[in-house]
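Asks: Sequence and predicted structure below; questions after.
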Amino acid sequence: MSHRQLADATKLSTPVLRALEEGRLAALPPGIYRRSLVRAVAKELGLDPEQTLVSFLDEFPDDLARPEASNAVVEAPVRTGQVWRRLLAAVGAVIPLLIGVAYFGNAPQRRAVDRPPALTPNHGSNTWRPEIVPAGGFFEPPPPAARPVTMLITISARCELQVMADGGMVAGRTFEAGESLQVAFGDAVELTGNNAGVVQFSVNGRAARLLGAAGEPLSARIGRDDYSFFLVSR
């Protein structure tokens, strides 16, 4: 299973999965959000989510109360940390060949998903430009616990765009240049359209990177727990 397949199955981003696989916890959201990531990946890989989380916390403790594993799992002869290591091994062992072929064979398409475009002004319509900043600019976001999350979408050229929030349709039509749409969501927003390079957005007042080049199809899921990966760093 590749990073992309696991991301599609769990609705997590590939940068989150890479950080989890490599043990780079500073790149992951803290507390209950980090725990939910471990549970989601364990479930998709066929492991017991709660026992996997307990083993994970044995090696990477946090400040929250520890969960209790089910009796059936606690009684099983599993060493401390063995399930978590098995999870990392399952994610990492099947990736090298598959990711190598997918990454190097489709580098231009992957760049729009995994890496932000170069932030150079006036370098074509497919890059971020100072004169096209989603309303709100670079203001600091509210505390992480604030709910719902607010996204402001702005359109710089005519395009087809469909917006789903928490599984419900918000908009699905042809947008004209200069139009904007504000969306509040508690779980995730899904964007699909025919021109990724003309769709700008901000989350909680923070400007986000483009999701593709001009003319490329747009298909993205921005979740409450991982939207920070889409934000532009100053």
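Replies: Sure thing, it's come through. Numbers count the residues shown, from 1 in each chain.

Asks: can you give me the helices for this protein?
Replies: Counting by DSSP state H, the chain has helices at residues 3-10, 14-21, 31-44, 49-59, 71-74, 82-93, 96-105, 107-114.

Asks: In terms of mean pLDDT, which of those ranks lowest?
Replies: In terms of average pLDDT, helix 71-74 trails the rest of these, at a mean of 42.

Asks: so Phe175 touches Ala157, yeah?
Replies: No - if you go by Cβ atoms under 8 Å, Phe175 and Ala157 don't touch, sitting 9.1 Å apart. To be clear about C-beta, it is placed using only N, CA and C from the backbone, and glycine gets the same treatment.

Asks: Give me the neighbour count for Glu44.
Replies: When neighbours are defined as other Cβ atoms under 10 Å, Glu44 has 17 of them.

Asks: Surely it is in contact with Ala7?
Replies: No - Glu44 is beyond contact range of Ala7, at 10.1 Å (criterion: Cβ under 8 Å).

Asks: my read: Arg206 touches Ser233, true?
Replies: No - with contact defined as Cβ under 8 Å, Arg206 does not count as touching Ser233 (9.8 Å).

Asks: So the two - more neighbours on which side?
Replies: For Arg206 versus Ser233, the count of surrounding residues by other Cβ under 10 Å is larger for Arg206: 20 against 10.

Asks: So what sits opposite the more buried one in the bridge?
Replies: Judged by DSSP bridges, the bridge partners of Arg206 are Phe138, Val203.

Asks: how close does it get to Phe230?
Replies: Using Cβ to Cβ, to the nearest Å, we find Arg206 at a distance of 9 Å from Phe230.
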